[in-house]
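J.: model this:
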Amino acid sequence: QLDFVESGGGLVQPGGSLRLSCVASGFSLGNYPLAWFRQAPGKDREGVACITRGSTGTNYVRSGMGRFTVSRDDAKNTMYLQMNNLEPDDTAVYYCARMDRCSLLPQWAVGSWGQGTQVTVSS
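T.: Numbering: from 1, shown residues only. The predicted model follows:
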């Protein structure tokens, strides 16, 4: 059973925006720090953004600072990633994860991963 269902990906031109959503299943999302990861073909999974319990803090991959915003709505058991000014290097499958701590390192993920949502940035 997957812990999350991700959605909101698609094909967008450089400079465009997307909002990804991640709905938790089978557990209360509010009990955990959360994170978004991405994996491009032939590359390792990379942490993109994390958010603490209660939204008291966030952290972003350097390339996403100023362009990405992570948020959560615990009442809806959902996490979001707003991505603006997208670049071709943002092309990847995006995954969400519940974490042991707010970290961009995948080894701190707990539970199972979702199926991901494909983001393609191309003209």
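J.: State the paired neighbours of the strand or helix carrying residue 120 in the sheet, together with their directions.
T.: Residue 120 belongs to strand 117-121 when assigned by DSSP states H and E. Paired neighbours of strand 117-121 in the sheet (DSSP bridges): strand 10-12 (parallel), strand 92-99 (antiparallel).
J.: quick one: low-confidence parts of the chain?
T.: Scanning the chain for pLDDT under 70 picks out nothing.
J.: Show me the residue at the heart of it, geometrically.
T.: residue 36 (2.4 Å; C-alpha atoms, centre = their mean).
J.: give me the beta-bridge partners of residue 69?
T.: In beta-bridge terms (that is, DSSP bridges), residue 69 pairs with residue 82.
J.: Run through the residues that contact it.
T.: 49, 81-82 (C-beta atoms under 8 Å, 6 or more residues apart in numbering). Every C-beta, even on glycine, is put in place using the N, C-alpha and C of the backbone.
J.: Distance of it relative to residue 111?
T.: 24 Å (C-beta to C-beta, to the nearest Å).
J.: on that earlier part again, how about the closest residue to the residue nearest to the centre of the chain other than its chain neighbours, what does it touch?
T.: Spatially, and ignoring its direct neighbours in sequence, residue 36 is nearest to residue 48 (4.4 Å; C-beta to C-beta, 6 or more residues apart in numbering). By C-beta under 8 Å, 6+ apart, the contact list for residue 48 reads 35-38, 60-61, 64, 68, 81, 94, 104.
J.: can you pick the most crowded of these?
T.: Using other C-beta atoms under 10 Å as the neighbour test, those are led by residue 35, with 29 neighbours.
J.: For that one, list the residues it contacts.
T.: Listed by C-beta under 8 Å, 6+ apart, the contact set of residue 35 reads 47-51, 96-97, 99, 102-104, 109.
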